[in-house]
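> Just a sequence and a predicted model for now, questions to come.
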Amino acid sequence: MRILRLTLGAILFAGGIVLTLLPGSILFVIAGLVLLSYDWPRARGWLKYSQRTMTLSARKIDRFLLMRKLR
């Protein structure tokens, strides 16, 4: 089961990196990191970093769009 999880996680992660220009491909990266984080502690750190970065980016975009409406 561990080998399957690591293989599928690596494929999803690599596929998400390759498809970065397509919308929604970041979900492949996140899914790959989730699977890899069970067995690889460094992937857990990358997952936390990417989640924190996406949260901050979403807040910045929301703030930008809100301020644009008010003008």
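Cool, the structure landed. Numbering: from 1, shown residues only.

> C-alpha from now on. contacts and neighbour counts both.
Fine.

> for residue 9, what are its contacts?
By Cα atoms under 8 Å, 6 or more residues apart in numbering, the contact list for residue 9 reads 31-36.

> Give the buried subset of those residues as a PyMOL selection command.
Restricted to buried positions by 16 or more other Cα atoms under 10 Å, the PyMOL selection for the contacts of residue 9 reads:
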select buried, resi 31+32+33+34+35+36
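
> Show me the contacts of residue 9 that map onto helices.
Judged by DSSP state H, the contacts of residue 9 include 31-36 as members of helices.

> now, which of the residues you listed sits nearest residue 66?
Distance to residue 66, by Cα to Cα, is smallest for residue 31 among the ones in helices among the contacts of residue 9, at 30.2 Å.

> quick one, what contacts the closest one?
9, 12-13 are the contacts of residue 31 under Cα under 8 Å, 6+ apart.

> Now with 10 Å, please.
8-10, 12-13, 16, 37, 47 (Cα atoms under 10 Å, 6 or more residues apart in numbering).

> pretty sure residue 33 contacts residue 50?
Yes - the criterion here is Cα atoms under 10 Å, and residue 33 meets it with residue 50 at 9.5 Å.

> The residue nearest the centre of the chain and residue 68, how far apart?
Closest residue to the average C-alpha location of the chain: residue 30 at 3.4 Å, with Cα atoms, centre = their mean. As judged by Cα to Cα, to the nearest Å, residue 30 and residue 68 stand 30 Å apart.
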